[in-house]
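Enquirer: would you be able to build a 3D model of this:
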Amino acid sequence: MPETFYAPSERDSISDIIRIYNTIRSVSMIHELMEKLDQDIFILNSCRQTVYINKAALKRYSIQSPEAVLGKRPGEIFDCQYASADGGCGTSKFCKDCGAVNAILKTQLQGSEAIEECVICSRDGQTYELAVTSRPFMLKGREYTVFSVSDIGLRKRMEVLEKIFFHDIINIAGGIHSMLKLMQDESLEDKAKINELLVTSSAQLLNELNTHKLLKAAEINDLIVQMTTADSLKLLGDCISFSENMKAAFGKIIYLDSSSDSFELRTDETLLKRVLLNMITNALESSDIGGRVTAGVNLRNGRAVFWVQNDQIIPEDIRHKIFMKSFTTKKRGSGLGTHSIKTLTEKYLNGSVAFESGESKGTVFRVTLPLD
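Expert: Take a look at the predicted model:
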């Protein structure tokens, strides 16, 4: 029997599952009700295998026929990156954090309804943010689990994006208002310093507005890429200069690596700057006061590699969640930072994103892009 680190790995035979599927279909009242529902419904056996799927779920996830998923567990249907474990969906050491598996186990062990949220990252890089509900179901003396799924990803991301956006805008606008009131004080001597702060704050305000517009367009697939020729070193230097005036940079130092290369690349400069600013901001926010963040760019094998390093180490148990939508380790984070880096880079800039974290180098995020 395959090894498991969490849920049981046992499975029923496919012949038994097909027999159950036909039994459920033969109960016209149940079958007709399931087919009329717009909700995505899976009926699971005691081994968490699918023994029935309704028409809405087939259509939503482009599944050709019920037979294509019979015997599979939910994570296997969504091609979860951890469902390839020897025991399948629910048996890897990461599955204990999965809301889908936990909801199903609660229903099977306690006989009660369970409502959870879960994030599934497929092996092809797609992310599903789901609200799942499991309920006990008895048919002809045998217990099953009715497992329903709703996609809540876009709604949640928009809600979080709006909340963070307005919080930051109000803070920046409040600061600008306070500085303008100070400027009205004729006895104030250092007005040049206030002017400098006003310029910085207004630039941050514009940056927040443009970022919000860009991320919202990216989330609804309405982003238009505008390719221009840019200099790698100047582009990165601009991002570092801007970051030095951000709140996250207080008490920290940002270095431009001396081995960085200057070369031309064709890219969407606005999108790439947003990616680099997010990388630098994340590194700054993860660093302690007095910490050091280093950024660089190099030409490697005919491709541009932008990287940002800081001394903090990402705990091993959360590394697999880094690029998940809405995942964050910050108290007031949106979880959109690393996810937007991945989305903008891979979906719009034809590049790739990777990171490594360990004792020797701390944490390094890398974005690799074509030159044209």
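Enquirer: OK, contacts around the residue nearest to Val27 when sequence neighbours are not counted?
Expert: In space, and not counting its chain neighbours, Val27 is closest to Leu139: 7.1 Å by Cβ to Cβ, 6 or more residues apart in numbering. For the C-beta atoms, the positions are set from N, CA and C on the backbone; glycine is no exception. Taking Cβ atoms under 8 Å, 6 or more residues apart in numbering as the criterion, Leu139 is in contact with 23-24, 27, 30.
Enquirer: which element is the residue of the chain positioned farthest from its centre on?
Expert: With distances taken as Cα atoms, centre = their mean, the residue sitting farthest from the centre of the chain turns out to be Ser187, at 50.5 Å. With elements taken from DSSP states H and E, nothing contains Ser187; it lies in neither a helix nor a strand.
Enquirer: which residue ranges of the stretch 251-372 of the chain form helices?
Expert: Along the stretch 251-372 of the chain, the stretches classed as helices by DSSP state H, counting those that start in this stretch are 269-286, 337-343.
Enquirer: could you dump the ones you listed to TSV with mean neighbour count and distance to Tyr6?
Expert: Formatted as TSV, the helices of the stretch 251-372 of the chain follow (neighbours: other Cβ atoms under 10 Å; distance: least, Cβ to Cβ, whole Å):
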stretch	mean neighbour count	distance to Tyr6
helix 269-286	22	29
helix 337-343	22	25
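Enquirer: which of those sits closest to Leu37?
Expert: Comparing these by their distance to Leu37 (Cβ to Cβ), the top pick is helix 337-343, with 31.1 Å.
Enquirer: other SSEs contacting the closest one?
Expert: Packing partners of helix 337-343 (3 or more Cβ pairs under 8 Å, 6 or more residues apart in numbering; DSSP states H and E): helix 191-219, helix 269-286.
Enquirer: with just CA atoms, put the shortest one into PDB.
Expert: This file holds the C-alpha atoms of helix 269-286, laid out as PDB (Å, rounded to 0.1, in the frame of the first residue of the first chain):
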ATOM      1  CA  GLU A 269       9.100  48.800 -19.100                       C
ATOM      2  CA  THR A 270       6.000  49.700 -17.000                       C
ATOM      3  CA  LEU A 271       5.300  46.100 -16.200                       C
ATOM      4  CA  LEU A 272       8.900  45.100 -15.600                       C
ATOM      5  CA  LYS A 273       9.400  48.100 -13.200                       C
ATOM      6  CA  ARG A 274       6.300  46.900 -11.300                       C
ATOM      7  CA  VAL A 275       7.700  43.400 -11.100                       C
ATOM      8  CA  LEU A 276      11.100  44.700  -9.900                       C
ATOM      9  CA  LEU A 277       9.500  47.100  -7.400                       C
ATOM     10  CA  ASN A 278       7.500  44.300  -5.900                       C
ATOM     11  CA  MET A 279      10.600  42.100  -5.600                       C
ATOM     12  CA  ILE A 280      12.500  44.900  -3.900                       C
ATOM     13  CA  THR A 281       9.500  45.800  -1.600                       C
ATOM     14  CA  ASN A 282       9.000  42.200  -0.600                       C
ATOM     15  CA  ALA A 283      12.700  42.000   0.300                       C
ATOM     16  CA  LEU A 284      12.600  45.200   2.300                       C
ATOM     17  CA  GLU A 285       9.500  44.300   4.200                       C
ATOM     18  CA  SER A 286      11.100  40.900   5.100                       C
END
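Enquirer: so how far is it off the chain centroid?
Expert: Average the C-alpha atoms of helix 269-286, do the same for its chain, and the two points are 16 Å apart (Cα atoms, centre = their mean, to the nearest Å).
Enquirer: kindly report the same for the first one.
Expert: For helix 191-219, the distance between its averaged C-alpha position and the chain's averaged C-alpha position is 24 Å (Cα atoms, centre = their mean).
Enquirer: packing partners of it?
Expert: When contacts are defined as 3+ Cβ pairs under 8 Å, 6+ apart, helix 191-219 packs onto helix 153-183, helix 269-286, helix 337-343.
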